[in-house]
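Student: my questions concern the predicted model and sequence given below.
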Amino acid sequence: MPLNFLSDAQVMSEQLIAWRRDFHQHPELAFQEVRTAGIVAEELRRLGLEVQAGVGQTGVVAVLSGAPEGPTVLVRFDMDALPIAEANDAEYVSLQPGVMHACGHDGHTAIGLAVATLLSNLRSRIVGQVKLVFQPAEEIAGGAKAMIADGVLDNPAPDVSLGLHLWNNLPVGQVALTSGPMMAGADTFSISIRGRGGHGASPHETRDPLLAAATVVTALQSVVSRNINPLESAVLSVTSFNSGTTFNVIPADARLQGTIRTYSTAVHEMTVSRLRQVTEGIARALGCEASVECARVTPPLVNDPEVTAVVKQAIGPYIEPNSVLPDLRTMGAEDMALFLDRTPGCFFFVGSANDKRQLNYPHHHPRFDFDEAVLPLGAAMLATAVAAYVIPG
């Protein structure tokens, strides 16, 4: 039988809420999480853990060591906020103008401190090591990469990586636990189309890049619908269009930006290839030149089936069996994928919405907030999943 941490986590509810509300009132943007990281490091040192600060600029890593012959389990929590002006009127509303925790990372950080506390209380029973990773800059998909570059996956190297995300698309009491691909890999693309500008009254003397760019935007909508197997998934979105400065001048260039989201390598390669072919072909047909630059932001987030099965068993005591959703996927991206790309692991969503209290606004909305009853539940789930690896039954 897995350990049950829920009663101990519920005893910590007041502290969990206090941590979360403090982080919520003092949000910090990517790679600026100095205050948050300082509090995290102080709390972890108070638990007697080996703590390293400044990993990946503002990240914090703590190691809870037990008997040496066991596995190392990495547990990751993100800390950064978003450049959004909060529209809530709660007593713990953000005190930082134009910045708020609109994605639940304040809750993740509080849960991380609770997990550290719950497991530290059983330090004498641990066989192996728990590597608690408090990560900066998830919102710009830069923090995991920075921490990996600073050696977070070394000394000790993890055997398993675990993490969770509070999820306002589901109510408290539901969990999304998907084996295999769960979140999409993300690419950015930039398109530059060069033509020959001129007077707006004499378009025949120009090679209009704005027309070419507009045609490209329309034609790119066919890439997924006519090139990708309907049983596969892909998203190609043009999200930025810039060209021209005034009403009577046809510009010399136009610039497009956007994102690609895919789950598989084959679909990714096809989408990028067709993006280039369509763009370059249309530009050439309209007398212009085009260049396309694509950059991978994150790989797909893929949960290891064996680790996912362990997590499913671990969280079983806390929720009804029919409340575990086994096949929820999203085209959103997460740089936790970089950890799971190198280590078998599992990342799962814990429902955090409460419709009756209107705590159901979507992530990245200026009125985002969640039901704080999820904090001890999330901490208990994650602590139990870790314990399944490092505390023998």
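Tutor: Sure, I can see it. Since the model is a prediction, treat every value here as computed from it, not as a measurement. Residues are numbered from 1 along each chain as shown.
Student: so where's the stretch 1-150 of the chain shaky on pLDDT?
Tutor: Along the stretch 1-150 of the chain, segments meeting pLDDT under 70 span 1-2.
Student: and if we set it to 90?
Tutor: 1-4, 68-69 (pLDDT under 90).
Student: likewise for the stretch 201-350 of the chain?
Tutor: In the stretch 201-350 of the chain (pLDDT under 90), the answer is 321.
Student: at 70 what do you get?
Tutor: Answering for the stretch 201-350 of the chain: no residues sit below the bar, that is pLDDT under 70.
Student: ok, now which ones touch residue 138?
Tutor: 30, 78, 80, 105, 144, 334-336 (Cβ atoms under 8 Å, 6 or more residues apart in numbering). Quick note: C-beta positions are derived from backbone N, CA and C, even for glycine.
Student: what's the closest non-adjacent residue to it?
Tutor: Distances taken as Cβ to Cβ, 6 or more residues apart in numbering place residue 78 nearest to residue 138, at 3.8 Å, with adjacent residues excluded.
Student: does that neighbour really touch residue 143, like I thought?
Tutor: Yes - using Cβ atoms under 8 Å, residue 78 is in contact with residue 143, at 6.9 Å.
Student: please spell out which residues along stretch 329-338 are buried.
Tutor: Under the neighbour-count criterion of 16 or more other Cβ atoms under 10 Å, stretch 329-338 has 329-331, 333-338 buried.
Student: ok, how many other residues are close to the residue nearest to residue 138?
Tutor: Residues lying near residue 78 (other Cβ atoms under 10 Å) number 27.
Student: which residues sit in contact with it?
Tutor: Applying Cβ under 8 Å, 6+ apart to residue 78 gives the contacts 105, 108-109, 134-136, 138, 143, 336.
Student: quick one: which of those sit in strands?
Tutor: 134-135 (DSSP state E).
Student: okay, the contacts of residue 78 in TSV with distance to residue 279 next?
Tutor: Shown next, in TSV, are the contacts of residue 78 (distance: Cβ to Cβ, whole Å):
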residue	distance to residue 279
105	36
108	39
109	42
134	41
135	35
136	35
138	31
143	31
336	32
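Student: of all the contacts of residue 78, which two lie farthest apart?
Tutor: 109 and 336 (14.5 Å; Cβ to Cβ).
Student: shared neighbours of residue 78 and residue 143, anything?
Tutor: Common neighbours of residue 78 and residue 143 (Cβ under 8 Å, 6+ apart) are 135-136.
Student: wasn't residue 60 part of a helix?
Tutor: No - assessed with DSSP: H, G, I helix; E, B strand; the rest coil, residue 60 is strand; it does not lie in a helix.
Student: count the neighbours of it for me.
Tutor: Applying other Cβ under 10 Å, we find 30 residues neighbouring residue 60.
Student: can you list the domains in this protein?
Tutor: 6-183+301-390, 185-298 (automatic domain parsing).
Student: go ahead and confirm residue 20 touches residue 106.
Tutor: Yes - using Cβ under 8 Å, residue 20 makes contact with residue 106 at a distance of 5.2 Å.
Student: between those two, which is the more surrounded one?
Tutor: When neighbours are counted by other Cβ under 10 Å, residue 20 and residue 106 differ, and residue 106 comes out ahead with 28 against 24.
Student: not including adjacent chain positions, what is the nearest residue to that one?
Tutor: In space, residue 106 is closest to residue 23, 3.9 Å off (Cβ to Cβ, 6+ apart).
Student: quick one: contacts of the strand or helix carrying that neighbour?
Tutor: If you go by DSSP states H and E, residue 23 is part of helix 13-25. With contact meaning Cβ under 8 Å, 6+ apart, helix 13-25 is reached by 9, 36, 39, 79, 91-95, 100-101, 105-107, 109-111, 113-114, 372, 375-376, 379.
Student: tell me which of the domains of the chain sits most buried.
Tutor: Greatest average neighbour count among the domains of the chain goes to domain 6-183+301-390 (a mean of 20), per mean count of other Cβ atoms under 10 Å.
Student: what about it, how long is it end to end?
Tutor: Taking Cα to Cα, to the nearest Å, domain 6-183+301-390 runs 18 Å from one end to the other.
Student: from the chain's centroid, how far away is it?
Tutor: Counting by Cα atoms, centre = their mean, to the nearest Å, domain 6-183+301-390 is centred 11 Å from the centre of its parent chain.
Student: ok, residue 288 touching residue 193?
Tutor: Yes - Residue 288 lies in contact with residue 193 (Cβ under 8 Å); the separation is 5.3 Å.
Student: shared neighbours, these two?
Tutor: Taking Cβ under 8 Å, 6+ apart as the criterion, residue 288 and residue 193 both touch 209, 212.
Student: what lies in contact with the longest helix belonging to the chain?
Tutor: Across the chain, the longest stretch assigned as helix under DSSP state H is helix 265-285. When contacts are defined by Cβ under 8 Å, 6+ apart, helix 265-285 is touched by residues 185, 187, 189, 191, 193, 209, 212, 215-216, 219-220, 222-224, 227-229, 232-234, 236, 260, 262, 289-290, 292, 294.
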